[in-house]
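In: Here you go, sequence then predicted model.
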Amino acid sequence: MIRPRTPRGVQLGEFLATKRKAVDREGLGLPSGSRRSTTGLSREEVAILAGMSVSWYTWLEQGRDINASRQVLAAVARVLQLTSSEAEYVFALAGPHADLPTVEHEMAPAHLQRLIDALDYPAFIVDSAWEILGWNQGYEWLYGPIATLPTAQRNLLGLVYTDPRLREMLPDWEADSRAFMAEFRAESGVRLSSARHRAVIERLLAQSEDFKRQWAEQSVERFKSRLRTFVHPQDGVRVFEHHRLVPSDATDLHVVMYVPVVEPVAGTR
């Protein structure tokens, strides 16, 4: 019996194939592959090193509907030298209860909007597809176009790749965009196969060559609070700590905050 392919399975298979082709052979104690390549494994090599049948691993990469145990998936993650974020991504896609409901919000819940309005620094609210549902005056100061953009264009990932005004504000656009890309994939996880999330991806694949190039890299990384630098059109360089919180009563939303970095007074810590 030929097992059917599933959208989640295809997503998983594409990820595994990309990571398999990038594996450091020397790190696994293997000789160079064909054409003296030092990277990349065959499906057969992955199966042998993970202790599974070649057919079973092939089905995984083909996106077939199979039930792989966590133990088997952990072995594959080890062979492919996946990070903890990447391994969690694989476990979620292959999990038996991986389909998550997608809640659609037309606007930010009132209590969360009041929360960010009370902040005196830039903050905004995004949903699981990174649609910007609400923002405060601080964010409007930082990124003025948000107030006049049509609702359909208020997608954070989309703006990073398609708005030249935002690109000019990011002095290290390449690093920032890659971080956003990896975080979006990690957070979306099983939702990437939903019609709503696929629509975001397909639109950006058609609109941005940079997005197409980076999306093919299959980067996955959990969010980490970090410093962000912006070049404001009028006020020049500004540095913030980038934080994000998940409301306990709306776990499909994120509250994003840019907290200004205060320079320490000379002679103090």
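Out: Ah, there it is. Numbering: from 1, shown residues only.

In: Just give the closest residue to E45, not the sequence neighbours.
Out: By the measure of C-beta to C-beta, 6 or more residues apart in numbering, the closest residue to E45 outside its immediate chain neighbours is L30, 7.4 Å from it. C-beta coordinates here come from the backbone N, C-alpha and C atoms, glycine included.

In: what's the burial count for that neighbour?
Out: L30 is flanked by 14 other residues according to other C-beta atoms under 10 Å.

In: Next, it: secondary structure please.
Out: Judged by DSSP: H, G, I helix; E, B strand; the rest coil, the three-state class of L30 is coil.

In: Equivalent analysis for H242, please.
Out: Going by three-state DSSP: H242 is strand.

In: Need the nearest residue in space to the residue most central in space within the chain, chain neighbours excluded.
Out: Note on the chain: the residue nearest the mean C-alpha position is F184, at 2.3 Å, using C-alpha atoms, centre = their mean. Setting aside the residues directly before and after it, F184 is nearest to L157 in space (C-beta to C-beta, 6+ apart), at 5.3 Å.

In: Show me the contact partners of the host helix or strand of that neighbour.
Out: Under the assignment given by DSSP states H and E, the secondary-structure element containing L157 is helix 156-162. The list of residues contacting helix 156-162 from outside it, by C-beta atoms under 8 Å, 6 or more residues apart in numbering, reads 126, 130-132, 153, 166-167, 170, 176-177, 180-181, 184, 200, 203-204, 207-208, 210-211.

In: Would you list the buried entries among these?
Out: When the contacts of helix 156-162 are checked for burial by 16 or more other C-beta atoms under 10 Å, the buried set is 126, 130-132, 166, 170, 176-177, 180-181, 184, 200, 204, 208, 210-211.

In: Show me where the stretch 1-150 of the chain has its strands.
Out: Along the stretch 1-150 of the chain, the stretches classed as strands by DSSP state E, counting those that start in this stretch are 123-126, 132-135.

In: For S225, which residues are in contact?
Out: Applying C-beta under 8 Å, 6+ apart, the residues contacting S225 are 241-244.

In: how much space between it and A68?
Out: Counting by C-beta to C-beta, to the nearest Å, the gap between S225 and A68 amounts to 33 Å.
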